[in-house]
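> model this:
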Amino acid sequence: MELSIRKHYEARSRVIKALAHPTRLFILDKLAEGEHCVCELQAMVGADISTVSKHLSVLRQAGLIDYEKRGNQVFYRLLTPCVHQFIHCIDEVTRTPAPE
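I've put the predicted structure just below:
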């Protein structure tokens with residue numbers, strides 16, 4: 001496999017790995033509804049701030065979300081709404097019985 005092709009698939013893999021956690025999927029669903037500050041996401045997730053921040057960092061490094069500082073608060077927003085099409089596709093797969 002050529003290096004450029006390999007890098008393309010590695011980038012895809014990073015995004016898929018970022019999606020491979022229930023908390024991160026939940027955060028993406030909430031950000032699809034609109035931007036939220038870290039404190040709101042922490043309350044919704046029900047985890048400590050460092051855990052939520054780590055999940056947000058993984059999503060940001062994958063290019064799925066971005067943030068903006070406003071005073072003492074940090075607000076996150078979804079950069080790629082199309083990721084929900086992929087998640088909805090996964091929902092369809094999980095609703096369909098697996099072939100025997």
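> Can you list the low-confidence ranges for this structure?
Scanning the chain for pLDDT under 70 picks out 98-99.
> out of all of them, which helix in it is the longest?
helix 3-19 (DSSP state H).
> What segments of this protein are strands?
For the chain, strands defined by DSSP state E occupy the ranges 36-37, 65-70, 73-78.
> for the shortest one, packing partners?
Using 3 or more C-beta pairs under 8 Å, 6 or more residues apart in numbering; DSSP states H and E as the contact criterion, the neighbours of strand 36-37 among helices and strands are strand 73-78. Yep, even glycine has a C-beta here, placed from its N, CA and C like the rest.
> Please identify the buried residues of the strand it packs on?
Neighbour counts over strand 73-78 (16 or more other C-beta atoms under 10 Å) mark 74-76, 78 as buried.
> Please save the CA atoms from that strand in PDB.
C-alpha atoms of strand 73-78 as PDB (Å, rounded to 0.1, in the frame of the first residue of the first chain):
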ATOM      1  CA  GLN A  73     -15.900  28.900  30.100                       C
ATOM      2  CA  VAL A  74     -15.100  26.700  27.100                       C
ATOM      3  CA  PHE A  75     -17.900  25.900  24.700                       C
ATOM      4  CA  TYR A  76     -17.800  22.900  22.300                       C
ATOM      5  CA  ARG A  77     -19.600  22.500  19.000                       C
ATOM      6  CA  LEU A  78     -19.900  19.800  16.400                       C
END
